[in-house]
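>>> sequence plus predicted model, see below.
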Amino acid sequence: MSYLPLEGVVVLDLTRHRAGPVTSRLLGDFGATVVKIDAPADLGDSMGGSREGFDYQNLHRNKMSLSLNLKSEEGRAVFYELVRKADVVLENFRPEVKHRLGVAYETVREVNPRIVYGSISGFGQKGPYQTLPAVDQTIQGMSGFMSVTGFPGQPPVRAGAAVADISAGMVLSQGVLMALYHRERTGEGQWVHTSLLESLVSMLDFQVVRYLSTGESPHAAGNDHPTLMPTGLFPTLDGHVNIAAAEDQKFRALCEVLGIPELAFEPLYADTALRSVNRKGLCEILSSKTREYSSAALQQKLNAAGIPCGPMFTIAQTMEDAQMQSLRMTEEGQHPRLGTVPLLGQPLHLEGCGGRPEVRFTAPDHGEHTDRILSEWLGMEASRIKDLHRQGVV
């Protein structure tokens, strides 16, 4: 990338686990100087794996690491010195923890009024659950997300990715960037916060508004669209194909492709609402016809008719597919011990800045940049740094 838009932005990253690091990864990938602040004791990857593992390397690339004991007075003093030079502070503690550590927004703002302070919690900064621990799994259940995932009459199913963590991280990224823009216009910093719960409820989008508008609580619909039919996964001779033909015109085209044009004029399936109500019978008829084709042959016919469709891929098939290959979303980092490390790039192209950002450096070792930051950023003498190491402050 020829120019990174967040160059010059300094981020102090107090986050752990996944949601917060998703935010700092995005900021770092697009040029911010991100300092990941770790406790002096090397606890490894907080997600349960090795610092040299694929998940840690992907989550913490383009970051520096400073070991710092925020529970000590000396450690907090060092942190406040860094805050004076920073633009952004990120944290994902339970709401009361940041106050106990002395790093809450109110305290940090006194040190640097221009600071943008970003927070992610499990349930929000207020309310009866604010002090409870939360992880992606529990929030998938409490948000209602799992209740609409899976098949009717069967137990709820969690999503196959950490959707609560990742959505919260992306939401906070947006908030931090808006707050930085606000600061450019006003000179004022501010506190920006979201939660796993709020972020995942927002991803439910029309499902929540459906309840708010009608009082109807949506339920699991398997691989079918909750309201727009036929939209779902249909069997073929050698697998499955996703088909989306809910609109009247596309439904008629689908019926033509499958050799059953009269179905489009069947009163039971005359409009979108009726096709949703009578989905079981409709899908049985359509499935009996899609089974007559191979996946490739069916997709060819559907694409020719302008009907959205697609194969059912594994992740391996997706990453090896010609379209993904053309997008070049995979990146490589060069690690001093691991060698070439495969990583997943950002899903965003900024053409005015050269396209997709490259990985500048791999995830840091624990406290790898501690002495450098203390010396170059804060002007500490070597003897002082040695004392801080000896005292367990860094």
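The structure has been received and is ready for your questions.

>>> ok, M203 to D165 distance?
Distance, M203 to D165, by Cβ to Cβ, to the nearest Å: 12 Å. C-beta: built from backbone N, CA, C; applies to glycine.

>>> show me the contacts for the residue positioned nearest the centre of the chain.
Closest to where the C-alpha atoms of the chain average out (Cα atoms, centre = their mean) is I166, at 2.3 Å. Applying Cβ atoms under 8 Å, 6 or more residues apart in numbering, one finds that I166 lies in contact with R18, A19, V22.

>>> pLDDT at the closest residue to G306 other than its chain neighbours, what is it?
Closest residue to G306 apart from its sequence neighbours, by Cβ to Cβ, 6 or more residues apart in numbering: A253 at 6.7 Å. Here the pLDDT value assigned to A253 is 97.

>>> from L233, how far off is A253?
Distance of A253 to L233, given as Cβ to Cβ: 19 Å.

>>> where's L12, which helix or strand?
strand 10-13 (DSSP states H and E).

>>> gap between the helix or strand following that strand and the chain center?
On the C-terminal side of strand 10-13, the closest following helix or strand by DSSP H and E is helix 19-29. When distances are taken as Cα atoms, centre = their mean, to the nearest Å, helix 19-29 is centred 9 Å away from the chain's centroid.

>>> which other residues reach helix 19-29?
Applying Cβ under 8 Å, 6+ apart, the contact partners of helix 19-29 are 6, 9, 11, 13-15, 34, 36, 59-63, 88, 90-92, 118, 120, 136, 164-166, 168-170, 172-173, 176, 196, 345-346, 357, 359.

>>> stretch 6-18 too?
Contacts of stretch 6-18 (Cβ under 8 Å, 6+ apart): 20-21, 23-24, 27-28, 30-37, 46-47, 59, 63, 70, 79, 82-83, 85-93, 103, 120, 135-136, 162, 165-166, 169, 180.

>>> what does stretch 118-127 give?
Contacts with stretch 118-127, where a contact means Cβ under 8 Å, 6+ apart, come from 15, 19-20, 23, 88-95, 98, 105, 129-130, 132-135, 138-139, 168-169, 172, 175-176, 179, 191-198.

>>> if we can go back for a sec, the one helix or strand the residue nearest to the centre of the chain maps to vs helix 19-29, what angle?
In the assignment (DSSP H and E), I166 maps to helix 163-186. Helix 163-186 runs at 50 degrees relative to helix 19-29, counting by axes from the mean of the first three to the mean of the last three Cα atoms, to 10 degrees.

>>> tell me the first helix or strand C-terminal of helix 163-186.
Later in the chain than helix 163-186, the nearest helix or strand by DSSP H and E is strand 190-195.

>>> doesn't G144 belong to a helix?
No - counting by DSSP: H, G, I helix; E, B strand; the rest coil, G144 falls outside a helix, being coil.

>>> how about the contacts made by it?
Contacts of G144 by Cβ under 8 Å, 6+ apart are V201, L204, Q207, V208.

>>> which two among the residues you listed are spaced furthest apart?
V201 and Q207 (9.5 Å; Cβ to Cβ).

>>> residues near F30, how many?
By the measure other Cβ atoms under 10 Å, the count of residues near F30 is 21.

>>> hang on, isn't it packed against S173?
No - F30 lies out of contact with S173 (Cβ atoms under 8 Å); the separation is 9.5 Å.
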